[in-house]
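*Asks:* got a sequence here, can you build the structure:
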Amino acid sequence: MLIQVQNSHFKSTFLTNFATFSANRRFFIVINCTTTLLEQKTYLDHLIDFGWKYGPSVLSALALVLIGLWVIKRLTRGFDIFLRSRNVDPSLRPFFTSLSDTGMKVILVFMVANTIGIATTSFIAIFSAIAFSIGLALQGSLGNFASGVLILLFRPFRVGDLLSIDGKMGKVTEIQIFSTVLATPTGKKIIIPNGKITEGPIENIAEGSDVQAEVTLLIHSKTPLDWLRATVEEVATRCPYASGHGPASVQISGLSREDMKVQIAVWTKGETYEESLNFMYEELKKAFDIAGIELAKERRRESL
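*Replies:* Below you'll find the predicted structure:
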């Protein structure tokens, strides 16, 4: 007996229910597995409808990806050229270019997803919430990061400059993205957050600039000024760190019945500022002892 079954759904049901019966009655069953022309036409129609519905979106997304990657590549290259023109540290340029490249590619992904028809509103909301939480938790570090970027871009000081920040003085040895490292003459390392540097005044004694090394002393009020000036000028002429930008100066900034506050300054270069101070203190002490110039007793700080 020959039975042809053409309906695909009926095939599996027929085989399951007729298995026992055919074994007992010795029937021969031939299953016609050929898909009908009607079914083929239905599948083709579905495929065509799918292509017309999603094809333009897919092609638009593909074009957006190709054009977007080309534009991002050009923008990243231009940003790197800008950083080079601003003399940004070579070790930090790859970080900034990579950060900008990644950010633009993330934006491109959202644009492509929106072009295809994928709803990105929920993803943007979740991403914004996560970014806000991270920013709130790390607001101090992000502030230092932003300050580090400003310092590297605008260069208010450079490595080798002598800085005085919040009573701390030292030469700049490193400008990091979150902090700046100073080194003192005694070998100590001072690490100052970049946010603290940009939020307050700093004293910068730039390397290579002409600056006055100032020494403040309390001299006995009966000391003749001409005698004092001659002694200071003699010491200043022997200073090996003097820049020759101008003569040494002696100014009286305070006066009492027993003493006078004298500010002595000698011109030097920024990189030898501390050496000039040390030389002047030591040599002035020796010269004053020889000349008989007496130092007065130190007054209370509030009276200075």
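
*Asks:* now do the SS call for S128.
*Replies:* helix (DSSP: H, G, I helix; E, B strand; the rest coil).

*Asks:* any idea how far M111 is from A125?
*Replies:* Taking C-beta to C-beta, to the nearest Å as the measure, M111 falls 17 Å from A125. Yep, even glycine has a C-beta here, placed from its N, CA and C like the rest.

*Asks:* go on, K188?
*Replies:* Taken as C-beta to C-beta, the span from K188 to A125 is 49 Å.

*Asks:* quick one on the thing from earlier: more neighbours: which of M111 and A125?
*Replies:* M111 (15 against 10; other C-beta atoms under 10 Å).

*Asks:* low-confidence stretches in this structure?
*Replies:* 1-41, 43-47, 50-51, 89-92, 95, 119-120, 122-123, 133-140, 298-304 (pLDDT under 70).

*Asks:* state the number of residues packed around L217.
*Replies:* For L217, using other C-beta under 10 Å, the count is 20.

*Asks:* that one in helix, strand or coil?
*Replies:* strand.

*Asks:* what's the closest non-adjacent residue to it?
*Replies:* V262 (5.3 Å; C-beta to C-beta, 6 or more residues apart in numbering).

*Asks:* ok, now T272?
*Replies:* Leaving aside its sequence neighbours, T272 sits nearest to Y241 (C-beta to C-beta, 6+ apart; 4.1 Å).

*Asks:* what's the answer for L108, then?
*Replies:* G68 (4.3 Å).

*Asks:* OK, contacts around the one you found?
*Replies:* Going by C-beta atoms under 8 Å, 6 or more residues apart in numbering, G68 touches 108, 111-112.

*Asks:* in three-state terms, label the residue nearest to L217 for me.
*Replies:* strand.

*Asks:* help me confirm that S57 is found in a helix?
*Replies:* Yes: S57 sits within a helix when classified using three-state DSSP.

*Asks:* residues touching it, list them.
*Replies:* Counting by C-beta under 8 Å, 6+ apart, S57 has contacts 115-117.

*Asks:* Serialize these to JSON lines and add fields for secondary structure.
*Replies:* As requested, those are arranged in JSON lines below (three-state DSSP):
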{"residue": "T115", "secondary structure": "helix"}
{"residue": "I116", "secondary structure": "helix"}
{"residue": "G117", "secondary structure": "coil"}
